[in-house]
Structures are given as C-alpha cells and as structure tokens.
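1. Got a sequence here, can you model it:
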Amino acid sequence: ADPADVRVKVLNGSGRFGAAQETVDWMQNTEGMLRTSNGGNAPSESKKTTLEYAPNQADQARRLADSMGLPASAMKEGTKDAEPMAEMTLTLGADFKGAGTPISAPTKAPKDIQRVEADDKNVCAK
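-> Take a look at the predicted model:
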C-alpha cells in the first residue's frame, strides 16, 4: 500500500508518556502516513505491541509493519472486512522502544555491510 493510504489509530499501552503522539508524528512526517491519528491511552498497559486490522486492510498492515519493524506475532488479523475509511488499531506495548526503532531485531544483516575477517590484513588501509 502507498503510505498515504495507511489509516491507523495509535493507542498508547506502553506506559511511556507521549508515545502515541511521538509515533503519529513520525508516521506522518517521516513515513508519509498522513491518515494516522492519536487514539490516546489504551484501556490498559500491554506487554506487546499489536496491530489489529481487517482482511481487506492487509496491504496497509504490511506497509505499517515493515516501517515499524513489527514482528509477525504483533499482527492480529480480524475475520470481517472493514469499511472503506476504517482505521486499523496499533496499540503500543512495553516492547515499544521509540518511533522509527524496530520492535524486533532484523533477521538478516544489511546487504552493504562491510565484512572483516580476523585474518584480513591492512583493513584500515583499503
């Protein structure tokens, strides 16, 4: 999905003051997800961040998950399609480290990382 098509309401269940607004600001100003909103505090604190979405919002959910570094375990697909303008719900949990910081560690190293072996000579001179 195009970032401008992502519709999500962010709830703060992390226990960190201002986490929802920080995330909305990051989504809008850095990621181009202009249709995001701050839903305020979640009904209760949560250990894990979750993204609830309808089957017809799967492309939006994938875009958001990729941007935020959400693990597969955070994805909660519903059983019924959403209305055309409905928002997904992102609930930030205690595992939330900050807007733009992946929640899960990368599964592979970046392609352009320099690899140095212990027996390489004159690495700094290259």
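
2. This protein: helices as residue ranges?
-> 19-29, 58-68 (DSSP state H).

3. so what does the last one touch, helix or strand wise?
-> Helix 58-68 is packed against strand 7-12, strand 50-53, strand 75-77, strand 88-92, with contacts defined by 3 or more CB pairs under 8 Å, 6 or more residues apart in numbering; DSSP states H and E. Just so you know, the C-beta spots here come from the backbone N, C-alpha and C atoms, and that holds for glycine as well.

4. in its sheet, what does the second one sit against?
-> What that stands for is strand 50-53. Pairing partners of strand 50-53, with direction, according to DSSP bridges: strand 75-77 (parallel), strand 88-92 (antiparallel).

5. for the ones you listed, which one sits closest to Q60?
-> Smallest distance to Q60 across the strands paired with strand 50-53 (CB to CB): 6.3 Å, for strand 88-92.

6. Could you report the neighbour count for the spatially closest residue to T30 that is not a sequence neighbour?
-> Once its chain neighbours are removed from consideration, T30 has its nearest residue in G100; the separation is 6.6 Å (CB to CB, 6 or more residues apart in numbering). Neighbourhood size, G100 [other CB atoms under 10 Å]: 14.

7. my read: G100 touches W26, true?
-> Yes: A contact is recorded between G100 and W26 when judged using CB atoms under 8 Å, the distance being 5.4 Å.

8. So which of the strands paired with strand 50-53 is the most surrounded?
-> Between the strands paired with strand 50-53, strand 88-92 has the highest mean count of neighbours, a mean of 24, where neighbours are mean count of other CB atoms under 10 Å.

9. quick one: the closest residue to S73 other than its chain neighbours and S104, what's the gap?
-> In space, not counting the residues next to it along the chain, S73 is nearest to K48; the distance is 7.2 Å by CB to CB, 6+ apart. In this view, K48 and S104 are 11 Å apart by CB to CB, to the nearest Å.

10. Since that was my last question, I'll sign off now.
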